[in-house]
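K.L.:
following is a predicted model, sequence given first.
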Amino acid sequence: MRYLKEARDLGDVTAVYMGSGGDEAFAALGAHGASSVLHADPGNRLPAAPVAAALGTRVGEQAPDLILLGQAYNDRDIAGRLAARLGVGVLSNAADVRLVEGGVETDHEIFGGARVATATMSTRPAIVLIRPKSFPAEPTGGVATVVPVEIVVPDGPAASVLERHAEAASGPKLQDATVVIAGGRGLGGSEPFSMLDDLAAAIGNAAVGASRAAVDAGWVPYAYQIGQTGKTVKPEVYLAVGISGALQHVVGMKGAKRIVAINKDAEAPILRLADLGVVGDLFQIVPALTEEVRKRSTS
């Protein structure tokens with residue numbers, strides 16, 4: 001939905017929906033600016049190859065100026081295959097995109113967001129991968145026409161999905177939470193993350209995340225990871241617990257409206273970024289904070 005906002009600012013928008021689909025999903029795409037929806041359902045096949053083939057045919061017929069995709073695994077896979085079919089390049093991790101005379105111009109944050117580099121592409125269509133949270137999701141109230149897209153299985157070996165496992169989760173998704181509480185190396189193991197779960201439950205619309213160090217150590221799943229190689233979040237409040245503030249982590253959370261950091265090291269880089277820094281023992285501070293939140297919520 002977020003990419004539709006930027007796309008409709010650039011021109012007429014055709015969205016692509018992969019999967020079984022449904023009226024609710026198609027209506028949401030129309031409400032956010034898509035004039036038409038190409039519905040491609042690859043079934044149990046991995047979507048990249050058949051969807052890229054179908055899109056290649058459509059692009060040849062409709063000659064779009066720009067193709068926008070996200071940064072998810074399927075998006076990147078489709079982008080690479082589609083670029084090879086069309087003989088064009090791919091601009092990835094873009095924070096902004098503009099149609100300019102003779103091509104497309106994109107902005108890319110570098111050096112942990114300290115600088116912005118601009119790239120251009122003169123070939124059409126331009127394929128651009130947009131980094132998460134770059135644009136707000138803003139509905140317009142439109143209605144989209146749904147167009148089924150025939151999926152043709154490419155010749156040769158093909159990969160299929162044999163089983164699906166839904167990851168059990170409670171509370172809001174990390175990217176959608178109003179408050180994000182992230183734990184880092186300073187927690188020292190997986191068990192202390194239960195403290196963060198308790199605090200998130202006491203606050204309400206809060207989710208627990210982690211730094212790459214905590215994920216690499218095996219304390220929490222990769223789905224928790226925030227940063228350049230994880231998720232990008234922009235909550236109202238970001239609470240960093242035991243996180244030093246490495247650049248690759250900061251890239252994923254620096255857009256938060258308010259940053260609070262708890263760290264025993266008064267020289268930790270995260271404290272220079274924080275709106276409020278607390279220097280002390282997180283194992284005393286977090287339980288005390290949780291208890292205070294519970295008191296206030298019941299009073």
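P.N.:
Cool, got the structure.

K.L.:
okay, now the domains of the protein?
P.N.:
As recorded under automatic domain parsing, the domains making up the chain are 2-148, 174-298.

K.L.:
and the last one, how far apart are its ends?
P.N.:
Using Cα to Cα, to the nearest Å, the end-to-end distance of domain 174-298 comes to 25 Å.

K.L.:
got the contact list for the helix or strand harbouring V208?
P.N.:
If you go by DSSP states H and E, V208 is part of strand 206-210. Under the criterion Cβ atoms under 8 Å, 6 or more residues apart in numbering, residues 171-174, 176-184, 193, 196-197, 199-200, 219-220, 224-226, 231, 233 lie in contact with strand 206-210. To be clear about C-beta, it is placed using only N, CA and C from the backbone, and glycine gets the same treatment.

K.L.:
and the helix or strand just after it, what's buried?
P.N.:
Scanning the chain past strand 206-210 towards its C-terminal end, the next helix or strand to appear is helix 212-216 (assignment: DSSP H and E). Neighbour counts using 16 or more other Cβ atoms under 10 Å place 212-215 of helix 212-216 among the buried residues.

K.L.:
what does helix 212-216 contact?
P.N.:
Residues outside helix 212-216 that contact it (Cβ under 8 Å, 6+ apart) are 183-185, 187, 193, 220-222, 224-225, 227, 229-230, 246, 248-249.

K.L.:
just the helices in the stretch 101-250 of the chain please.
P.N.:
Remark: helices assigned in the stretch 101-250 of the chain by DSSP state H, counting those that start in this stretch are 193-203, 212-216, 247-250.

K.L.:
can you list the helices and strands that the lengthiest helix in the chain packs against?
P.N.:
Longest helix of the chain, by residue count under DSSP state H: helix 282-298. Contacts defined by 3 or more Cβ pairs under 8 Å, 6 or more residues apart in numbering; DSSP states H and E place helix 282-298 against helix 193-203, strand 258-263.

K.L.:
repeat that with 6 Å
P.N.:
Counting contacts by 3 or more Cβ pairs under 6 Å, 6 or more residues apart in numbering; DSSP states H and E, helix 282-298 packs against helix 193-203.

K.L.:
next one: the helix it packs on to chain centre, how far?
P.N.:
Relative to the centre of its chain, helix 193-203 is centred 23 Å away, using Cα atoms, centre = their mean, to the nearest Å.

K.L.:
now stretch 160-179
P.N.:
Put simply, stretch 160-179 sits 13 Å off its chain's centre (Cα atoms, centre = their mean).

K.L.:
so what touches that stretch?
P.N.:
Counting by Cβ atoms under 6 Å, 6 or more residues apart in numbering, stretch 160-179 makes contact with 44-45, 203, 205-207, 209, 231, 233, 235-237, all of which sit outside it.

K.L.:
got the end-to-end distance for it?
P.N.:
Length of stretch 160-179, first residue to last, Cα to Cα: 38 Å.

K.L.:
go on, stretch 234-252?
P.N.:
For stretch 234-252, the separation between the terminal residues is 8 Å (Cα to Cα).
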